[in-house]
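In: I'll drop the sequence and a predicted model, then ask my questions.
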Amino acid sequence: MKNRYQIEVFYSKEDGGFIADIPDLKYCSAFGKTREEAIKQVHIAMQAWLEAAKANGKPIPEPRLQTQRAVTARSRANVHVVPQKGQWATRVQDKEEARAKVYRTQKEAIEAAKNIVKAGTVVVHDNQGRIKEHLKVDAAHNKR
């Protein structure tokens, strides 16, 4: 299997750098002061993730290939739900500077993120800012 996993990179103002994430590999992400450094570090994390999975007999997911490039930026973007000064914020990952909106609870932020993303992924972080889970959202969610 070739390592053709999608890498998503976004700027985190709170962290003062870039986060690179591989959604197909649960909890596989890395930080860098620059976009390039984050990508380099996530490649290292990916290799470690794959080696650990193989060594422990865990299944290695097939990469999902991005075949449709003519999709709007918002429908392709991930929306991150992150802690922010005792509250929760949604951050849209479609530009270097992420747009954020703040909510009182994580649950409110997750619901808002699902409505923003249209079709894609909501990336939920824990209280320390680490990625906790990826929630897939399809177009049907927004028709409810």
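Out: That came in fine, so what should we check first? Computed from a predicted structure; not experimentally measured.

In: which other residues reach the helix or strand that contains V122?
Out: Using DSSP states H and E, V122 sits in strand 120-125. Outside strand 120-125, the residues that touch it by C-beta atoms under 8 Å, 6 or more residues apart in numbering are 21, 23, 75-83, 106, 110, 113-114, 131-137. C-beta: built from backbone N, CA, C; applies to glycine.

In: how does it look with 6 Å?
Out: 23, 78-82, 113-114, 131-137 (C-beta atoms under 6 Å, 6 or more residues apart in numbering).

In: and that strand, how far out from the chain's middle?
Out: How far strand 120-125 lies from its chain's middle: 5 Å, per C-alpha atoms, centre = their mean, to the nearest Å.

In: now swap in stretch 30-40 and tell me
Out: 14 Å.

In: related to what we said a few turns ago, pull up the pairing partners for the strand holding V122, direction included.
Out: strand 78-84 (parallel), strand 131-137 (antiparallel) (DSSP bridges).

In: Pull that strand out as PDB, backbone CA atoms only.
Out: What follows is strand 120-125, C-alpha atoms only, in PDB (Å, rounded to 0.1, in the frame of the first residue of the first chain):
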ATOM      1  CA  GLY A 120     -16.500  17.000   5.200                       C
ATOM      2  CA  THR A 121     -15.100  16.500   8.700                       C
ATOM      3  CA  VAL A 122     -15.600  18.100  12.100                       C
ATOM      4  CA  VAL A 123     -12.300  17.700  14.000                       C
ATOM      5  CA  VAL A 124     -13.000  17.700  17.800                       C
ATOM      6  CA  HIS A 125     -10.200  18.600  20.200                       C
END
